[in-house]
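Enquirer: take a look and give me a structure for this.
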Amino acid sequence: MISIKKILFLICITGIPYSLYRDIHNGPVTESHHKKEAETYRLHSKKETPPHPFVFDGCTGFPDTIFRYDFTEACLEHDIAYWLGGTSAERKEVDTRLAQAAAADGLTGTVFGIMLYAGTRTFGDSFIAKALGTNWGFGYNGTTSHDVQSQ
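Expert: Model prediction:
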């Protein structure tokens, strides 16, 4: 029988590198309904529209689906919040909500949620995320408005 540790190891050595390749090679998969959801979320959060348009690339650096677990919707909300940016406390809250959305699917979802949380906390505003254009506040990349919003 294959243990959870072995499954997670296989996901890490195959799924995450593939996901990064997909993100770099295929680029964003933004569709019109993603943009509508981004605008609805922005209006609800009462934040300004960033100067750069919203783009969605799925779960950046992580598989969108693993077995029966589909993280696409949770990653969409997460990407929208990352596009808008904000304070470091808001970023932590958004990363926590992503983990909670994954965890809502039981014990295995909780394990994936921990992986998602660790990844977003570690890499969500790193030079890697900035190179991919998926960092916290990516809607403001290269503008002074982002500096004001992220303080």
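
Enquirer: any low-confidence regions in this structure?
Expert: Scanning the chain with the threshold set as pLDDT under 70 gives 1-29, 142-151.

Enquirer: helices and strands around the one helix or strand residue 97 maps to, which ones?
Expert: Secondary structure from DSSP states H and E places residue 97 in helix 88-103. In terms of contacts (3 or more Cβ pairs under 8 Å, 6 or more residues apart in numbering; DSSP states H and E), helix 88-103 is packed against helix 72-84, helix 107-123. For glycine as for every other residue, the C-beta is placed from the backbone atoms N, C-alpha and C.

Enquirer: the longest one: what's the following helix or strand?
Expert: Following helix 107-123 in sequence order, the next helix or strand is helix 127-132 (DSSP H and E).

Enquirer: list the buried ones in that following helix?
Expert: Buried residues in helix 127-132, counting neighbours by 16 or more other Cβ atoms under 10 Å, are found at 129, 132.

Enquirer: what does that helix contact?
Expert: 23-24, 57, 60-61, 123, 135-136, 138, 141 (Cβ atoms under 8 Å, 6 or more residues apart in numbering).

Enquirer: please list only the buried members of the residues you listed.
Expert: 23, 57, 60-61, 123, 135-136, 138, 141.

Enquirer: ok, then the element right after the one helix or strand residue 35 maps to?
Expert: Applying DSSP H and E as the criterion places residue 35 in helix 32-45. Downstream of helix 32-45, the first helix or strand assigned by DSSP H and E is strand 65-66.

Enquirer: quick one: distance of that following strand to the chain centre.
Expert: How far strand 65-66 lies from its chain's middle: 14 Å, per Cα atoms, centre = their mean, to the nearest Å.

Enquirer: pull up the pairing partners for it, direction included.
Expert: With DSSP bridges as the test, strand 65-66 is paired with strand 69-70 (antiparallel).

Enquirer: neighbouring contacts of the partner strand?
Expert: Residues contacting strand 69-70 (Cβ under 8 Å, 6+ apart): 64, 102, 105, 108-109, 112.
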